[in-house]
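In: Predicted structure and sequence below. I'll ask about it afterward.
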Amino acid sequence: MNKIGTDKPSKAPAAAAAKKLPGLLKKSYSKEELEKKILDRIYIPADRKFVEGYFTADKEHEDRLRISYGMQIEKKDFKRLRRIAKDVRAQKFGIKFVPLAAAAGFVAVLCIVIFLFKDIVVKKIIVSGMQRVFSAKTEVGYVDFDILGAKLEVKNLQQADKNDVMKNLFQIGDVAFDFNLTELLRGKFDAENITIADVRTGTDRKTSGYLPLFQNKGEKKKTEDAGGKQNELTAKAEAKLASMFSGYTPENIIKNIQANLKSPAAAEDAGKTVGPLVAKWKDRPAAMEKSVKDFSDSADKVIRTDWSKVNDPVELKEALENINTAVSQGQKLKNETDLVMSDFETDSASVSLLSRKIKDAAASDRALADAEINKFKTLKDEGIRGVFNDTLDAFMYSLLGKYYPYVDDGINLAAKLASSSGKSAAETKKTSRRMKGRDIQYKSDTVPKFLVQKAYGSGPGWNVSAEEISSDPDRRGRPAVFAAEFSAAGVSNSISAVVDGRTATKNPLVSADYTGTGFPVSVKISDSYGMNAVSAVRCRISGNANGSFSAAGSADMNNLKIATPDFEPAVISGVYRKAVDSFTTLSVDFSAGYTRADGMSVTLGTDAGDRFALIFRNLLNSEMTEITAAAKEQVAALLSEKTGGITEEIAQFTDIQNAMKLQQLNLSAVNSQLTSVKKDITDRLVKETGGKAARQAIDALGGDDVSGKLKGIFGQ
Amino acid sequence: MLRYIISFVRALNSNSKPSEIAHAFSIGLMLGFMPKDNLLWYLLLVFFMFCRINKGGYFIMMLAGALAAPAADPLFDKVGYFILSWAPLEPVFARLLDVPFVAFTRFNNTVVCGALVCGIICYVPLYFLMRLFVGAWRNKIAPRFNESRFGKFFYKLPLVNKIVKAAVELG
């Protein structure tokens, strides 16, 4: 074991020449020099004694001491001497100037590098910060950061729109910062004045501004939350529509009527009787007509003869006999016809009964159809107001969901600014066990670590101003104030906002007023649901540090175009669509709120639902008139189809009846004429044969056997 | 850490200047006391890296000072406040604060200022104490310890043996 500071000689034979010792021990010293340069610098007594023991009188200089040049020193002692010499040599002045100078040089080079590359560094910081805020690419054309001149100039700054990556959210031609260099070197950023010029919005980009890196999960969730609510509302509206109108389809009503018709059964029943009867009697009118016609033709000569000009009693006698024959034939034919008609009347009574039954069934069916069709008139459309309001709510959720991330980002940014001092204290407590201490200020220090005292930008159609943007509003004692007016793409916007991050204030963290005209509203919930309008919007937003915010305002929308999906029944869907299409203006008072715990809520105050319901009702009534008429036509056609066959058969039967009655009448007419002619002939015969005797004979005969009686009178 | 301990043990048992060890202890304590969230601490740390002091003692004492500092913070705060609010010095401090970059040192913080002042106050007595200790160690304690039975047993301990060997190799 090597016991440091002790002298224990070794028996090892190995030795080294004294001439190989370090220069410090090879030199010749006076006694004083030896003390001062070597022995006084050896602090371990054993080492001092050990070294001193090797210094002997110098042979060349009598009064001087040195380690003998030709001496052989044991290896172990040699090493010890060398180590002691090293220790002595290391005792130099307290500061290492060379490394210090090298470090200073390095710092100087670093400063030069920073000076040379400061513009690139600032550019990177701007791009990185803005990309983090806007979640889309940021491009900066030129940056000049003049440290000594306390000026920063940025040119051609383009911020892409994350929702339309081929467009810029805004493009700024020139931005100039004048900052307080003294405060900056005290670790504070104090921008005394900021001017912004040549700002354009919605400009086209040559390259995509998509940036996948900053699509953070929180934002996605926010959008999903809003999407969930609007989808819930649209689903509710669709379900309500479907349930409201599901029973009101003409097809269903026709089917219902068809299922409950009595006419078809009655017609079928009647068909079994009427058909055979028609078949039975269909030839009878023709046969009767022929018989009557033949009889009429045979009697026609006698009837048409002018018996007043005939004076011959014999001829009259013959004529009387012929007439009698004809009358007899006529009587016989009449009797036959009466017999047939009697038979026919029995069948006719059956047909009449069936016909009445069919008429009664048809009347009942028509009453049923009227009752069913009248259901359209009692259509309950009270819920349509709610349906439309739900649809509007869904659009508003979507609209607010679209702008909500910006509001949330703004509030988060304001919250960061507001609580930076308190937050850092809390973080310090977490990471350090040390006391924070107190910062003593000797002047009224009103400059926080970050301060923009005034910022102003203007140009054709726009102006922006901001005051007192600071990381410690308590120190400034004033809230940050923002105001902007700008017109772009036909949209006039006016915004004024106050961010009050002071700890003692009772004001909300953010309160902002927005007024916009020509504001394009474009909402697309799905392929089926969408809304486009040009709107004038007035809105007041209040946000708190916990991320919750509320918004209240109104929107007057023109050129409103609402797209909603089709639904069943198609008829009502058509009416609904017409009503929606005719709804081109909309005034909405809205209030919206968001809390991290409860999510988003929207309340709309509008008469849109009532107005829509009125339009819908009027259109529906008009449509119902047409639908009712069409349904009645359909029912009439249906009834006609179901009872058409039997009605025709009944009509045939009636025709047969009429034809037969006509022949009966014709026969009666011929018989009447024959009777009249017989009377004329008889009168002529009486007159020509001598008066009363003949008359009495004829009368006595009763006219029935006139010719036979007359034979006796005439002797033949 | 073991390297710093070895460096310190070696320095204690070699012919390095006692003032190097004493300065290292004093500076280490001063920096250990000070909070580390200010430019002043880093400037002092870097500057003393270029001084010929025993780095082992420097870092050991810095660690010891840092461990003890939270307990002494109320004292530092009081001392710092006393210094910073001492009227004759206020114009100086006020002017200092207007000097660029000086604010980064946070010298106007009561704990920073108090720790620095307490470190400086402790510097002188600690320096002399350490010089006395080093002298006593080299002249009296070490020779006796080495010759004692306990010392012989101590040097035979594996860990101590390793440290001594490493110290010799470093030397």
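Out: Looks like it arrived, so ask away. Predicted, not measured: the structure shown is a model, and the values here were computed from it. Numbering: from 1, shown residues only, chains lettered A, B, ... in the order given.
In: Can you point out the buried residues in stretch A:29-43?
Out: A:29, A:34, A:38-39, A:41-43 (16 or more other C-beta atoms under 10 Å in any protein chain shown). Bear in mind the C-beta positions are built from the backbone N, C-alpha and C, glycine included.
In: no no, stretch A:676-690
Out: With the criterion 16+ other C-beta under 10 Å, stretch A:676-690 contains buried residues A:677-678, A:680-682, A:684-686, A:688-689.
In: Run the chain-centre distance for it.
Out: Averaging C-alpha coordinates over stretch A:676-690 and over its chain gives two centres that are 108 Å apart (C-alpha atoms, centre = their mean, to the nearest Å).
In: Domains of chain A: list them as residue ranges, please.
Out: Chain A resolves into domains spanning A:15-89, A:98-214, A:252-380+A:635-714 when parsed by automatic domain parsing.
In: Now do the last one: distance to the chain's middle.
Out: Yep, that's domain A:252-380+A:635-714 we're talking about. Centre-to-centre, domain A:252-380+A:635-714 and its host chain are 77 Å apart (C-alpha atoms, centre = their mean).
In: now that domain: mean pLDDT?
Out: For domain A:252-380+A:635-714, the mean per-residue pLDDT is 78.
In: try the first one
Out: Along domain A:15-89, the predicted local confidence has a mean pLDDT of 86.
In: how about the strands in chain B?
Out: Taking DSSP state E as the test, none of chain B falls into strands.
In: Who does the residue in the stretch 601-716 of chain A positioned nearest to chain B form a beta bridge with?
Out: Among residues of the stretch 601-716 of chain A, the one nearest chain B by C-beta to the nearest C-beta turns out to be residue A:601. It sits 44.1 Å away. On the basis of DSSP bridges, residue A:601 takes part in beta bridges with residue A:593.
In: okay, and for chain B, where does confidence drop off?
Out: When the per-residue scores of chain B are filtered using pLDDT under 70, the ranges that remain are B:167-171.
In: In it, which residue is most central in space?
Out: Against the mean C-alpha coordinate of chain B, by C-alpha atoms, centre = their mean, the closest residue is residue B:28 at 1.9 Å.
In: For the residue lying closest to that residue once chain neighbours are set aside, give me its contacts.
Out: What sits nearest to residue B:28 in space, not counting adjacent residues and going by C-beta to C-beta, 6 or more residues apart in numbering or on different chains, is residue B:61, at 2.8 Å. Residues touching residue B:61, when contacts are defined by C-beta atoms under 8 Å, 6 or more residues apart in numbering or on different chains, comprise B:24-29, B:32.
In: so how far is the helix ranked longest in chain B off the chain centroid?
Out: Among the elements of type helix in chain B, defined by DSSP state H, the one spanning the most residues is helix B:55-84. A distance of 10 Å separates the centroid of the chain from that of helix B:55-84, by C-alpha atoms, centre = their mean.
In: Tell me who's in contact with the residue nearest to the centre of chain B.
Out: Contact partners of residue B:28, counting by C-beta under 8 Å, 6+ apart, are B:57-65.
In: Considering those residues, which is situated nearest to chain A?
Out: Nearest to chain A among the contacts of residue B:28: residue B:65, at 12.1 Å, using C-beta to the nearest C-beta.
In: I'd say that closest one and residue B:29 touch.
Out: Yes - with the criterion set as C-beta atoms under 8 Å, residue B:65 and residue B:29 qualify as a contacting pair; they are 4.5 Å apart.
In: joint contacts of those two?
Out: Between them, residue B:65 and residue B:29 share the contacting residues residue B:119, judged by C-beta under 8 Å, 6+ apart.
In: and stretch A:439-454, how far from the chain's centre?
Out: 50 Å.
In: buried set for that stretch?
Out: The neighbour-count criterion (16+ other C-beta under 10 Å) identifies A:440, A:442, A:445, A:447-449, A:451-453 as the buried residues of stretch A:439-454.
In: Stretch A:338-345 too?
Out: Of all the residues in stretch A:338-345, those buried under the rule 16+ other C-beta under 10 Å are A:340-341, A:344.
In: and residue A:521, what element?
Out: When secondary structure is defined by DSSP states H and E, residue A:521 falls within strand A:510-524.
In: I'd like the next helix or strand past that strand.
Out: Later in the chain than strand A:510-524, the nearest helix or strand by DSSP H and E is strand A:530-543.
In: quick one: which of the domains of chain A is nearest residue A:479?
Out: Closest approach to residue A:479 among these is made by domain A:98-214 (17.3 Å; C-beta to C-beta).
In: is that closest one anywhere near chain B?
Out: Yes - if you take C-beta under 8 Å from any C-beta of the partner chain as the test, domain A:98-214 does meet chain B, through A:99-100, A:103, A:181-182, A:185-188.
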